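Engineer: predicted structure and sequence below. I'll ask about it afterward.
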Amino acid sequence: MKIALVAPTSLPARRANTIQVMKMAQAMVTLGHQVCMAVPEGRPGRARPTWEELAQLYGLQVEFPLSWLVARPGLKRYDYGWRAVRWGRRLGVDVLYTRLPQAAALSSLSGMTTIYELHDVPVGAAGRFLMRCFLWGRGSRRLVAITHSLVDDLAGSFGGGRVRTCALIAPDGVDLERYQELPAPEEARRCLPEQHRFTHERFTAGYTGHLYPGRGMELVLRLANRLPEINFLLVGGEVEAVEGLRQQVATGQLENVLVAGFIPNQDLPLYQAACNVLLMPYQSRVAASSGGDISRYLSPLKLFEYLASGRAILSSDLPVLREVLTPEMAVLLPPDDEQAWCAALVRLQADPSLRERLGQQARQAASQYDWQARADLILRGLEGNRRHAQA
């Protein structure tokens, strides 16, 4: 099929949604589809990134064409959504796929076969209006949600019949091939850049991802203070958050904590492999880049990367994470029980066979979350239903 993929934010960006969109585009191309991606133009005068820069930032191996469309700052992406739909129609695409509500609504209303992916319940009058436009437009074919709980809440807010008719649950994914034959933790740590190696080589617990509120960094620092015999490698975050975390580490004199900061996605598997245990200490409220609480609908990219890395996982026991995790593949703990987290880390440090068993189960579970399998699931059945508006 010929697919127009409309990116919601400009490139390059470090937000999880841009990583996910780029991974989905690559997966569709790998499946044999012809993919064209629309991207909102960045700030005036800002140089467009080269493909090589994007490939490193997002860990891509397959190139696909990008079209940069005007998006005026004051128009809140409505002009960009309109331009993207017109662009898709001119290309004669079979399907328009997007996470941008403005594009999803306009595409569906125009009759173009539309796939709209959601990671949260639309809020505000505009968000709810755009959602209804998509659902009741002639082109709405598939509403992709990342968790069962999100579908349930969407059905409650927008009518169960219409939502469930086109809803499809597809958790996020991982590039499985990039996690093949990873080195053992000790060897991986020796391969890290010198500035990201600890002075003292020892058992290492790691975290990769953003540092927004609710990600559990306060808990991690308390654990590091209680467990000086364990190193804590923290990877990711925007510049301001990274500097703030480094200041907390310095103030607390936590010599067993290394804050690496942002790492391109291309290099992330090595950092995850460098850890004996991987941490996912989400709290009961979790902020997204927009600031909203997404704790009911989490399907974090790190979850699937952690699984593929084959390392033991310590995770907060949130209902939404149990849609993927089980006690056989991860140690599930109360988000706010510091003592339980401390005891679990000590136990895993002392029990290599338990770490190995959890890691094997995790790697086996990861096999069903390949990006290509996700793209195939979402697009399946649309080949014979190629409705799009004619110019």
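Structural biologist: Nice, thanks for sending it over.
Engineer: do you have the strands of this protein handy? List them.
Structural biologist: 2-6, 34-40, 66-69, 95-98, 114-118, 140-145, 167-169, 204-208, 231-235, 257-261, 277-280, 312-316, 331-333 (DSSP state E).
Engineer: which among the ones you listed is found nearest to Pro352?
Structural biologist: Evaluated with CB to CB, the strands of the chain place strand 312-316 nearest to Pro352, the distance being 9.6 Å. Quick note: C-beta positions are derived from backbone N, CA and C, even for glycine.
Engineer: quickly run through the sheet partners of the closest one, with directions.
Structural biologist: strand 277-280 (parallel), strand 331-333 (parallel) (DSSP bridges).
Engineer: could you dump those to CSV with distance to Pro44?
Structural biologist: Below are those laid out as CSV (distance: least, CB to CB, whole Å):
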stretch, distance to Pro44
strand 277-280, 39
strand 331-333, 48
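Engineer: most packed of these?
Structural biologist: strand 277-280 (a mean of 26; mean count of other CB atoms under 10 Å).
Engineer: just give me how far that one sits from the chain centre.
Structural biologist: 16 Å (CA atoms, centre = their mean, to the nearest Å).
Engineer: and what of stretch 156-170?
Structural biologist: Remark: stretch 156-170 is offset 22 Å from the chain centroid, using CA atoms, centre = their mean.
Engineer: list the buried residues in it.
Structural biologist: Phe158, Arg162, Val163, Cys166, Ala167, Leu168, Ile169, Ala170 (16 or more other CB atoms under 10 Å).
Engineer: kindly report the same for stretch 129-137.
Structural biologist: So for stretch 129-137, counting by 16+ other CB under 10 Å, buried means Leu130, Met131, Cys133, Phe134, Leu135, Gly137.
Engineer: test my guess that Leu154 contacts Leu143.
Structural biologist: Yes. Leu154 is within contact range of Leu143, at 7.4 Å (criterion: CB atoms under 8 Å).
Engineer: and for those two, which residues touch both?
Structural biologist: Contact with both Leu154 and Leu143 is made by residues Leu118, Val163, Ala167, according to CB atoms under 8 Å, 6 or more residues apart in numbering.
Engineer: tell me what the closest residue to Val93 other than its chain neighbours is bridged to.
Structural biologist: Leaving out its chain neighbours, the residue that sits closest to Val93 by CB to CB, 6 or more residues apart in numbering is Ala4, at 4.2 Å. Listed beta-bridge partners, Ala4: Cys36, Leu96 (assigned using DSSP bridges).
Engineer: for Ala4, which residues are in contact?
Structural biologist: Cys36, Met37, Ala38, Ala84, Trp87, Gly88, Leu91, Val93, Val95, Leu96, Tyr97.
Engineer: cool, and Pro352?
Structural biologist: Taking CB under 8 Å, 6+ apart, one finds nothing in contact with Pro352.
Engineer: and Ser157, what does it touch?
Structural biologist: The neighbours of Ser157, taking CB under 8 Å, 6+ apart as the test, are Val121, Pro122, Arg128.
Engineer: need the residues you listed in a markdown table with distance to Arg363, can you?
Structural biologist: Listed next are the contacts of Ser157 as a markdown table, based on distance: CB to CB, whole Å:
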| residue | distance to Arg363 |
| --- | --- |
| Val121 | 33 |
| Pro122 | 36 |
| Arg128 | 41 |
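Engineer: quick check, nearest of those residues to Arg72?
Structural biologist: Closest to Arg72 out of those is Pro122 (22.4 Å), distances taken as CB to CB.
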